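# would you be able to build a 3D model of this:
(one chain, ligands or ions: 1)
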Amino acid sequence: MCLAEFASHYRIVYGKETEDCKRFRLLNNMGMIQKRTRGKPAIIRYARFSEKKDPENFYGRLLKLYLPHRSESSLKTEMFPTHQEFYKDACVRLPGAQEICAVTAIVTGNQKKFEQHNKIVEQVLDDFLKNGPVEDAWNTFAPEAELDKLECLEERIQGEPLHENEQDDVPEFTRCKESGGIAVAVKAPEMSRDSLLKMYRNLNRTQACTFYSVCNWCINLVRGLNPDPFFYFVTGGAGTGKSHLIKCVYAEATKILRNLPRLREEADISMPMVLLTAFTGTASFNISGNTLHSVLKLPRSLKPPYQGLGNLIDEVRAQLSNAQIIIIDEVSMISKALFAYVNWRLQQIKGSKKPFGGMSVLAVGDFYQVPPLGKSKPLCVFEEDTDDFWKDYFQMITLTEIMRQRDDVAFAELLNRIRVKQKMDPLSNDDKALLDQALTDPSRCPNDVLHIFATNKEVHKHNAETVSVLHANVTNIDADDYKKDPKTGVMQRQLNPSKGQKDNLLDTLQAAEGARIMITRNIDVEDGLVNGTFGKIARIITKTEKGSTTVNMLGLVLDNPNAGQRYRNKLPGDAGNLVYIERVEENLRQKGVVRRQFPVRLAFACTIHKVQGMTTQSAVVSLKRVFQTGMAYVALSRTTSLQGLHITDFDEKKIFADPEITASLDSMKKASVDSAMPLFKYLQTTNKAQTLTIIHHNTEGLPAHIEDIKSHHELTLGDVLCFTETHLSGSFVAESLQLDGYSMFRRNRHLSYTNLPHIASRSGGGVALYVRNYYQASEKPYLQNVTDLEFLVVKLESPVQALIAVVYRPPDYSIGQFLLNLQGLLESLEVMNCQPVILCGDFNEDLLSSAKKPISNMLHSRGYTQLVKAATTDKNTSLDHIYISRVQHCLQSGVLHTYHSYHNPVYCVLNPNCI
Ligand SMILES: Nc1ncnc2c1ncn2[C@@H]1O[C@H](COP(=O)(O)OP(=O)(O)OP(=O)(O)O)[C@@H](O)[C@H]1O
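The predicted structure is shown next:
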């Protein structure tokens, strides 16, 4: 007995009314069967369950009992009005009545439980059968879920590009170009090296660790070391600097990867080495990237089976041939299906079965913010029966320092708590008191500040009200609708727009010069004209034709001054900052109607979904109709300070995170990026007061890099900083070259040579030494028999003793002569009778090469040990050395990272107690 067969007899067995079957099917189709359990469908569920285990199951036997001997008509005479009566009868007739009784008891129990609202359900179903499905049917049961559904549908429709061929041809209309290209270039103006350096300097410690980890991977790739791809997930609360980090990683990784031998020789370096992508147009423009869909040419429907690229494959392969890393921003908005597609697509493009085609992935986002559209679970939540690339590969890095609200620490900390607050968790009294400061009566909220609501309905209402309050001259711009004449097949212009359309383009746009607006369509992703770009209307341009006047262009001033470069200077007489947009065209849901309208809406207010990723000075946030996890958190975290935040309709229950997210993030693998800062890591576990840390760094110019040095997280941990290639000249030392808390000693190149004028007269070179003020230190300037050497010696007198020398050997300085002079220096150091002696510098002798190493050999022969074992330059050479006379003093040594010099700093931590 199969289930279908049983179900087809079901009506006969219960025979109450033939509508039952229809209802069952409807319920089933609506996916409501689990929730709307009535007695009968529930029994079908049990049948399915027991059937699997035992083909000779209860229902099978029931049917054998009732059906084989009777015709359908005789059965009908034996209809049972209720389950109970049917079971009573079956118990008497069927052998094994005990088992049946047990099942009956379960069924009766379930019936009581599930059928308690039977009457209401019956009524609703009758209504449903009579009137068909109502669009917001769920509203009665779950208003929040319905809102969610409708909003998501709307957002999705707005975000999707139209297919070229979907349009009916309306005469004389040129559509705006949809962007579909590959992200081969940075979209917003490329940042200057100076602005990038400023951003690198500002990286906080975790941001810097991540930055260096990725850069290090790139350097290893360039060095030919074939490192395994990385799969990092960078997360952190709103404003913790995820986008800032992405921009830094993208720029530096691209710079390093340009040196890949393969690229240097033959490849076209205009093709991207790093793919910079995000799910939405706004998020991609924010990071100067492109949408994931357009970069990987993903289809709209993600349903399996996987659709390959077809004829496009060669073109896309060529365009992505250099790509080594893909960065995906706002990954929390990406569904599992889309993520799986990204994997397949990259495998196809790269012709490799390795995960993501062998590329490294930097996924960035915050799962505590607004979740993916529709029903899809967030990527990080593990599900048994779906491909889980996330759990298998990704390692998490958490940014904790809030950068957006860094000047309002109390507010920043409050936001961190709100981010993870569960629905039933109460806010602490302190947090309540802090939020109380932002509670504002709606009538007292400033009109000219962005209002943030949960739903589109609230947004539309606020916009309509505000435009008439703030602007006297409001122009109503009706949509131009065209409808096909069924007789002639010609598109006819409609006198009035079709009203009540739920489409992307408005029936009537209320426009006014000075009014805040938001673009609602991806007009040009590369140029920043995307769904979610904010600005204001500056000019309304009309044209008159055949006596009727229509608006044909809007001149906008966009909040992001970099956006819309390609849409400027279209009309004489403006300041060049206006971005002109025209109407776009769209098929309405109403069949056969094509609409032309400006893809903008008023934006005195917008939804929470639209403000994700935005930073603003002030905003009014209404929590009234918040319906989803993370929404309140996103809304409340937009302003840079609590002072700029106004909250209306406060309800702490509206602030809630998804517990599944907390659980899944807790169990996620953590990336050990702190190994990118070995010195910091080591000193964290050590009593710093009992160590002496010495760092050597070839700065490639102290004046050019002093700011990089001051902001370096590990250089500033050194007690003694030995610098080579200071590039200083003259006797004057700028104040900016001083380091807070350190005393500076220096020796310029031209003072260092007496017999080698060709070196002395060259710019560059030079050495300097900074000693932390905690130590009493003195320079040993005049050493007998030491000439023609760029060196500096400082003696630490107390609280510990050590003799520290820094040396620079220019690459063209002959080895023989250099060795002689170096020997002179060592002899002078030895007679000072101070141990240990530490000699560090850039010797331009590669310890990793197979060539002879006369300098290190000579030092070894005099009892010195070289401490640095790894490469110290981008080219995998080890030119920067630290020699120590008594190796037992060394606790730790290694190489640090920088972005500003070809040379990486080298360090050692010594034990002064031993000294
Ligand atoms: N290291 C930094 N130094 C200086 N400013 C920073 C730093 N990191 C981020 N910021 C600034 O803090 C603000 C928020 O940063 P960003 O947009 O990168 O955060 P986010 O984590 O991407 O936020 P959201 O999750 O809301 O999108 C921005 O104004 C950014 O310029």
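# which residue, other than its chain neighbours, is closest to D559?
Nearest residue to D559, sequence neighbours excluded (C-beta to C-beta, 6 or more residues apart in numbering): F534, at 4.6 Å. (Each C-beta comes from the backbone N, C-alpha and C, glycine too.)
# and what of I477?
L509 (4.4 Å).
# quick check: D407 touching S641?
Yes: between D407 and S641 there is a contact at 6.6 Å, judged by C-beta atoms under 8 Å.
# ok, the closest residue to D649 other than its chain neighbours to the ligand distance?
Nearest residue to D649 in three dimensions, chain neighbours excluded: K624, at 3.7 Å (C-beta to C-beta, 6+ apart). Look at K624 and the ligand: by C-beta to the nearest ligand atom, to the nearest Å, they are 22 Å apart.
# contacting residues for K624?
Taking C-beta atoms under 8 Å, 6 or more residues apart in numbering, we find K624 in contact with 453-454, 458, 648-649, 651.
# so which of those wins on neighbours?
A454 (27 neighbours; other C-beta atoms under 10 Å).
# contacting residues for that residue?
Per C-beta under 8 Å, 6+ apart, neighbours of A454: 147, 607-608, 622-627, 631, 635.
# of those, which is the nearest to T544?
T544 lies nearest to T607 out of these, by C-beta to C-beta, at 36.8 Å.
# for the closest one, the count of nearby residues, please.
21.
# please give me every residue in contact with whichever residue of the stretch 801-915 of the chain sits closest to the ligand.
Nearest residue of the stretch 801-915 of the chain to the ligand: Y899, at 13.6 Å (C-beta to the nearest ligand atom). By C-beta under 8 Å, 6+ apart, Y899 lies in contact with 197, 200, 211, 215, 252, 708.
# and for M359?
With C-beta under 8 Å, 6+ apart, M359 has these contacts: 229, 323-326, 346, 350.
# select from those the one having the most neighbours.
Comparing those by number of neighbours (other C-beta under 10 Å), I325 comes first, having 25 neighbours.
# low-confidence ranges, this protein, go.
Counting by pLDDT under 70, the chain contains low-confidence residues at 1-104, 127-190, 263-269, 372-376, 384-387, 500-503, 913-915.
# quick check: residues of it near the ligand?
202-204, 207, 236, 238-244, 366, 403-404, 613, 615 (C-beta under 6 Å from any ligand atom).
# what's in contact with stretch 514-522?
For stretch 514-522, contacts defined as C-beta under 8 Å, 6+ apart pick out 158-159, 161, 178-179, 281, 291, 450, 467, 470-471, 504-505, 511, 529-538, 556, 581, 584, 599-604, 606, 610.
# for it, buried residues please.
For stretch 514-522, burial by neighbour count (16 or more other C-beta atoms under 10 Å) applies to 515-522.
# what about M191, neighbour count?
M191 has 17 neighbours, counted by other C-beta under 10 Å.
# just K377 next, same as before
The number of residues packed around K377, counting by other C-beta under 10 Å, is 17.
# just the contacts of A454: which are in strands?
With DSSP state E as the criterion, strands contain 607, 622 from among those.
# name the nearest of the contacts of A454 relative to L825.
A635 (65.6 Å).
# give me the neighbour count for the residue in the chain that the ligand sits nearest to.
Nearest residue of the chain to the ligand: G241, at 2.7 Å (C-beta to the nearest ligand atom). G241 is flanked by 23 other residues according to other C-beta under 10 Å.
# so what's it closest to, chain neighbours aside?
Nearest non-adjacent residue to G241, counting by C-beta to C-beta, 6+ apart: M403, 4.2 Å away.
# ok, back up a step: so which of D407 and S641 has more stuff around it?
Ranked by neighbour count (other C-beta under 10 Å), D407 and S641 place S641 first, with 15 against 9.
# nearest residue to that one other than its sequence neighbours?
S641 sits nearest to D408 (C-beta to C-beta, 6+ apart), 4.1 Å away.
# what number of residues lie near that neighbour?
19.
# F791 too?
By other C-beta under 10 Å, the residues close to F791 number 20.
# go on, the one 5 residues further on?
In terms of burial, L796 registers 24 neighbours under the definition other C-beta under 10 Å.
# please apply the same query to the one 4 residues further on.
The criterion is other C-beta under 10 Å. On that basis, V800 has 18 neighbouring residues.
# so it versus R345, what's the distance?
Going from V800 to R345 by C-beta to C-beta, to the nearest Å gives 60 Å.
# and the contacts of A454, which are buried?
147, 607-608, 622-623, 625-627, 631, 635.
# okay, those in JSON lines with distance to M191 next?
JSON lines is the format used below for the buried ones among the contacts of A454 (distance: C-beta to C-beta, whole Å):
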{"residue": "L147", "distance to M191": "40"}
{"residue": "T607", "distance to M191": "31"}
{"residue": "I608", "distance to M191": "30"}
{"residue": "S622", "distance to M191": "37"}
{"residue": "L623", "distance to M191": "37"}
{"residue": "R625", "distance to M191": "40"}
{"residue": "V626", "distance to M191": "37"}
{"residue": "F627", "distance to M191": "39"}
{"residue": "M631", "distance to M191": "33"}
{"residue": "A635", "distance to M191": "30"}
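# report the two of the residues you listed separated the most.
The widest separation within the buried ones among the contacts of A454 (C-beta to C-beta) is 15.3 Å, between L147 and A635.
# tell me the secondary structure at the residue nearest to Y864 when sequence neighbours are not counted.
Distances taken as C-beta to C-beta, 6+ apart place Y883 nearest to Y864, at 4.0 Å, with adjacent residues excluded. Here Y883 is recorded as strand under DSSP: H, G, I helix; E, B strand; the rest coil.
# count of neighbours near Y883?
25.
# doesn't G863 make contact with it?
No: Y883 is beyond contact range of G863, at 9.7 Å (criterion: C-beta under 8 Å).
# which outside residues touch stretch 653-668?
Under the contact criterion C-beta under 8 Å, 6+ apart, stretch 653-668 has outside partners 233, 235, 367-368, 371, 377-378, 380-382, 391, 394-396, 418-423, 427, 623, 626, 629-633, 636.
# if we use 7 Å, what do you get?
Residues from elsewhere that reach stretch 653-668, judged by C-beta atoms under 7 Å, 6 or more residues apart in numbering: 367-368, 378, 380-382, 396, 418-423, 623, 626, 629-630, 632-633.
# could you pull out the buried residues of that stretch?
654-658, 661, 664-665, 668.
# just how off-centre is it within its chain?
18 Å (C-alpha atoms, centre = their mean, to the nearest Å).
# quote the end-to-end distance of that stretch.
Taking C-alpha to C-alpha, to the nearest Å, the first and last residues of stretch 653-668 lie 28 Å apart.
# begin at 46, not 1, for the rest of this chat.
Taking 46 as the first residue, the last one we looked at is stretch 698-713.
# show me where the stretch 496-645 of the chain has strands.
Ranges of strands in the stretch 496-645 of the chain, per DSSP state E, counting those that start in this stretch, are 520-523, 525-529, 536-538, 553-556, 561-564, 579-590, 593-603, 624-626, 629-632, 638-642, 645-647.
# format those strands as a markdown table; extra columns: distance to I301.
A markdown table is the format used below for these (distance: least, C-beta to C-beta, whole Å):
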| stretch | distance to I301 |
| --- | --- |
| strand 520-523 | 50 |
| strand 525-529 | 52 |
| strand 536-538 | 55 |
| strand 553-556 | 48 |
| strand 561-564 | 36 |
| strand 579-590 | 35 |
| strand 593-603 | 33 |
| strand 624-626 | 35 |
| strand 629-632 | 41 |
| strand 638-642 | 47 |
| strand 645-647 | 41 |
